[in-house]
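In: Kindly return the folded structure for what I paste below:
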Amino acid sequence: MKPAIGSHVMDTRTGKLGVVMGHEGPYVQLRPYGGGREWDAEPGALRAATAAERLRAATAYANARSRGETL
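Out: Numbering: from 1, shown residues only. Below is the predicted model of the structure:
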């Protein structure tokens, strides 16, 4: 089953947290937390992100933004 659009998932192949943006053919399109370039992931390589992983991504985004950086 493909994850719902807007849900937060971990791509186990890349180790990155992504937000589900859509589904195209056999793939799921993910975008990094806070924005950035989308990537395609296989649904079998995805799992729901834990609360700690979501918090870590949000903190990294907030810290980078406060320094004027982009992730």
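In: Let me see the mean pLDDT of the top strand by length along the chain.
Out: Using DSSP state E, we find that the single longest strand of the chain is strand 16-24. Per-region confidence: strand 16-24 scores 97 on mean pLDDT.
In: buried set for the following helix or strand past that strand?
Out: Moving toward the C-terminus from strand 16-24, the next helix or strand (DSSP states H and E) is strand 27-32. For strand 27-32, the buried set under the neighbour-count rule, 16 or more other CB atoms under 10 Å, comprises 28, 29, 30, 32. C-beta: built from backbone N, CA, C; applies to glycine.
In: repeat for stretch 9-17
Out: 9, 10, 11, 17.
In: Who are the packing partners of the helix or strand hosting the first one?
Out: Using DSSP H and E, the secondary-structure element containing residue 9 is strand 8-11. Using 3 or more CB pairs under 8 Å, 6 or more residues apart in numbering; DSSP states H and E as the contact criterion, the elements in contact with strand 8-11 are strand 16-24, strand 27-32, strand 39-41, strand 46-48, helix 51-66.
In: Redo the ones you listed as TSV? Include distance to residue 1.
Out: Formatted as TSV, the helices and strands packed on strand 8-11 follow (distance: least, CB to CB, whole Å):
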stretch	distance to residue 1
strand 16-24	11
strand 27-32	11
strand 39-41	14
strand 46-48	10
helix 51-66	20
